[in-house]
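Novice: sequence and predicted structure, then a few things I'm wondering about:
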Amino acid sequence: MNKTLRILCWVLIGGLGAVAVGAIALRRGEPINALWLVAAATCCYALGYRFYSRFIATKILALDGLRATPAERMENGRDFLVTNKWVVFGHHFAAIAGPGPLVGPVLAAQFGYLPGTLWVLVGAVFAGCVQDFVILLFSVRRDGKSLTEMAKDEVGVIGGFVAYVAVIAILIILLGVAALIVVNALKASPWGTFTIAMTMPIALLMGVYLRRIRPGKVLEVSALGFVLVMVAIWGGQYVSQNAALAQVFTFSAPTLAILIMVYGFAASALPVWLLLAPRDYLSTFVKLGTIALLGIGIVALHPTLNMPALTRFVDGTGPVFAGKIFPFAFITIACGAISGFHALISSGTTPKLIARETETRMVGYGAMMAESAVAVMAIIAASVMQPGVYFAINSPAGIVGQAPVTAAATISSWGFPVTTAQMQALAHAVGEQTLYNRTGGAPAFAVGMAHIFSHTLGGETLMALWYHFAIMFEALFILTILDAGTRVARFMVQDALGHLYKPLGRTSWYPSILATSALIVAAWGYFLWQGVKDPLGGINSLWPLFGISNQLLATVALCVATTIIVKMHRAKYAAVTLVPLAWLVAVTFTASWHKMFDPNPRVGFLAQARVLAAAPGPMTSATARVIFNNRLDAAVTGILVVMVTLVLVESARQWTGILSGAREARIKESPFVRTRLAEERG
């Protein structure tokens, strides 16, 4: 009877999911309710985790709860540490959930809600969650080795070297961009700065409490952290309203940049139990709590999606960013569907904390699923606004005009009516001077989130409070990318330097820790400083590479994963990673070609450089810098594509050699050691 009920339950979930996805995909001519997106996402995630992840865990990976993990075998109290699975889940989710699932779906909403929603659901279940899960397990079975070390061992020396250079370059760009976003979110924001700053001493207290005062009492430290974070959020509001305190916590962009570099160094150099793991776990309270509240708000308010399923800008003429749905929607939305950065976390800090192999399914597949849910919430937040308001916030002045009247007239002429009075009232409601030309996605998400919260919790009078809470929430998301990413990069540099001088490769040797942490922070800090001091160039010009770089990283990760699966004599299941790999190659290579050579100056780097160079009149230093940066972007894109192509070729040689019998299928796993831990936690 129980089995029959379970089967019936899953059939009902599958049916509801099919109906919900059908309503999203096929409904035209009238707005739909946001609950359709929530229902579709919930059913897809439930089915994916229950059936697809279980299939991967049993048929391909063969998870073994009796096999000791590197956290147990190599525990040193710093990087390798047996950690409660819920703390690891919190750390992993906090580390992977950066700006991507918040900003990308908001920007892609210019195409309508349909393309982004379908890509987030399908991409996460069949690509993103799979990548995170398999890379995490393969790293656990190789003493927590980095992605690049696994590439060298499994794909080959050439493939490993190329992958290493590509991954380090992409990671430095990614961290520099993430740091700049944090600076821009927190500058002149005493509330956000105070709350973010307070999460650091709270995390230190939690780390000491769990390690020294009450070891193993996860529930106690969770309750303590939750209360203190709520106090910090309330305190941030108080600080922002107190003139003297607000001045203390109001920093300029250069000052914030220095502080963030100091934090990045500390997060990389200090023992993982003291700052990184508890702070990321702490951040998860705010992240998951806010997303849960947002979900409750959507269910309670069940708002209408005012954005159409498809807009006129599917032809590639969009004001938010130029380019057609394929390939640019799949580049713009990375982290909510599949993100190469996740593979660095899955082969960086997280495998050194896992207590049981069986926990990799929940942490790897499950945490990515949670991030995908964040992307769905972002799509809803962007789509509940009137389309005219959405485009007024996200369109740059160069497209719609600097003056409010001109911008409103331009956007209205597209068929999305908006008035200056409407935008003024909205700006006043959220406590801002203006919301025109607030490009980047973050302000639009904050407006949508504040709209949902204010209609369910507190009314219009709290619109400004919820808006600034959302800005702080986004900054918290992004900062966790910075600390985890810096630590992962440090591991990768140590792996490489260990071949030159063995002690430098020891992750627990403090001279190596300090030297490599400083090296990584200096690298991304250089780009951050350039962006802060020179907003016309520097890292800002590299933002178009952000999505392409992220997906190229995922391409490398899936090459490694497919190679290992083939070497494990499970080639008949290789489609699990090979199909998403083929899709990413098609998307990223097409997008790269367009960004380099497209004749449209709004799309192609070189085309824009040519137009600026041919402009009449004397060339200013700012124009010269933009021209240089466009050419640099084109060169960097080309180099990354060439390097990833080499990894693909080397991987394909491995696959064909093994399948033809010309090569020996030998994987380089650590020897099996039976676990000594008394309890089965998987």
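Specialist: Now that the structure is in, tell me what you want to look at.

Novice: what about stretch 63-77, start to end distance?
Specialist: Distance between the boundary residues of stretch 63-77 (Cα to Cα, to the nearest Å) amounts to 25 Å.

Novice: so which bits of that stretch are buried?
Specialist: Neighbour-count burial for stretch 63-77 flags 63, 67, 68, 69, 70, 71, 72, 74 (criterion: 16 or more other Cβ atoms under 10 Å). For the C-beta atoms, the positions are set from N, CA and C on the backbone; glycine is no exception.

Novice: now, these that are in helices?
Specialist: 70, 71, 72 (DSSP state H).

Novice: what is the nearest of these to residue 447?
Specialist: Of all these, residue 71 has the smallest distance to residue 447: 42.4 Å, by Cβ to Cβ.

Novice: distance of the closest one relative to residue 614?
Specialist: 59 Å (Cβ to Cβ, to the nearest Å).

Novice: break down the stretch 451-600 of the chain into its helices, ranges please.
Specialist: Listed in chain order, the helices of the stretch 451-600 of the chain (DSSP state H, counting those that start in this stretch) span 463-497, 510-533, 544-567, 575-597.

Novice: buried ones in stretch 647-655?
Specialist: Along stretch 647-655, these residues count as buried under the neighbour rule (16+ other Cβ under 10 Å): 647, 648, 650, 651, 653, 654, 655.

Novice: so which helix or strand takes in the last one?
Specialist: Remark: residue 655 resides in helix 621-660, with elements defined by DSSP states H and E.

Novice: so that helix versus helix 544-567, what angle?
Specialist: Between the direction of helix 621-660 and that of helix 544-567, the angle (axes from the mean of the first three to the mean of the last three Cα atoms, to 10 degrees) works out to 10 degrees.

Novice: relative to helix 575-597, how tilted is helix 621-660?
Specialist: Relative orientation of helix 621-660 with respect to helix 575-597: 150 degrees, computed using the same axes, to 10 degrees.

Novice: packing partners of helix 621-660?
Specialist: Here helix 621-660 is seen to pack against helix 157-186, helix 544-567, helix 575-597, helix 605-613 when contacts are counted using 3 or more Cβ pairs under 8 Å, 6 or more residues apart in numbering; DSSP states H and E.

Novice: that helix: how far from the chain's middle?
Specialist: Averaging C-alpha positions (Cα atoms, centre = their mean, to the nearest Å) puts helix 621-660 21 Å from its chain's average.

Novice: same deal with stretch 417-429?
Specialist: Relative to the centre of its chain, stretch 417-429 is centred 31 Å away, using Cα atoms, centre = their mean.

Novice: got a markdown table for the helices of the stretch 451-600 of the chain, with mean pLDDT too?
Specialist: Output for the helices of the stretch 451-600 of the chain, formatted as a markdown table (pLDDT from 0 to 100):
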| stretch | mean pLDDT |
| --- | --- |
| helix 463-497 | 77 |
| helix 510-533 | 83 |
| helix 544-567 | 89 |
| helix 575-597 | 95 |
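
Novice: would you format the ones you listed as JSON lines with mean neighbour count included?
Specialist: JSON lines is the format used below for the helices of the stretch 451-600 of the chain (neighbours: other Cβ atoms under 10 Å):
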{"stretch": "helix 463-497", "mean neighbour count": "24"}
{"stretch": "helix 510-533", "mean neighbour count": "20"}
{"stretch": "helix 544-567", "mean neighbour count": "27"}
{"stretch": "helix 575-597", "mean neighbour count": "20"}
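
Novice: turn those into TSV, columns for distance to residue 426.
Specialist: Output for the helices of the stretch 451-600 of the chain, formatted as TSV (distance: least, Cβ to Cβ, whole Å):
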stretch	distance to residue 426
helix 463-497	9
helix 510-533	29
helix 544-567	28
helix 575-597	33
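
Novice: of all those helices, which lies closest to residue 659?
Specialist: Nearest of the helices of the stretch 451-600 of the chain (Cβ to Cβ): helix 544-567, 7.0 Å.

Novice: that closest one packs against which elements?
Specialist: When contacts are defined as 3+ Cβ pairs under 8 Å, 6+ apart, helix 544-567 sits against helix 129-140, helix 147-154, helix 157-186, helix 325-332, helix 340-346, helix 575-597, helix 621-660.

Novice: same list (the ones you listed) but as CSV, adding distance to residue 550.
Specialist: Formatted as CSV, these follow (distance: least, Cβ to Cβ, whole Å):
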stretch, distance to residue 550
helix 129-140, 12
helix 147-154, 14
helix 157-186, 7
helix 325-332, 8
helix 340-346, 5
helix 575-597, 9
helix 621-660, 11
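
Novice: got any ranges where the stretch 251-400 of the chain has weak pLDDT?
Specialist: Where the stretch 251-400 of the chain drops to pLDDT under 70, the residues are 272-286.

Novice: residue boundaries of the helices in it?
Specialist: Listed in chain order (using DSSP H, counting those that start in this stretch), the helices of the stretch 251-400 of the chain are 253-269, 276-301, 325-332, 340-346, 359-360, 367-383, 387-394, 397-400.

Novice: look up how far residue 612 lies from residue 618.
Specialist: Residue 618 sits at a distance of 13 Å from residue 612 (criterion: Cβ to Cβ).

Novice: of those two, who's got more company?
Specialist: The neighbour count for residue 618 versus residue 612, taken as other Cβ atoms under 10 Å, is higher for residue 612 (15 against 6).

Novice: could you double-check that the more buried one lies in contact with residue 627?
Specialist: Yes - the pair residue 612 / residue 627 is scored as a contact, 5.1 Å apart, by Cβ atoms under 8 Å.

Novice: just want the angle from whichever strand or helix holds residue 449 to helix 387-394.
Specialist: When elements are assigned from DSSP H and E, residue 449 belongs to helix 442-456. Using the same axes, to 10 degrees, the interaxial angle of helix 442-456 with respect to helix 387-394 works out to 140 degrees.

Novice: now helix 442-456: mean pLDDT?
Specialist: Regarding helix 442-456, the rounded mean pLDDT is 80.

Novice: please report phi then psi for residue 674.
Specialist: Listed backbone geometry of residue 674 is phi -70, psi 140, with angles given as degrees, to the nearest 10.

Novice: quick one: neighbours of it, just the number.
Specialist: There are 8 residues near residue 674, going by other Cβ under 10 Å.

Novice: now residue 570
Specialist: Neighbouring residues of residue 570 were enumerated by other Cβ under 10 Å; the total is 15.
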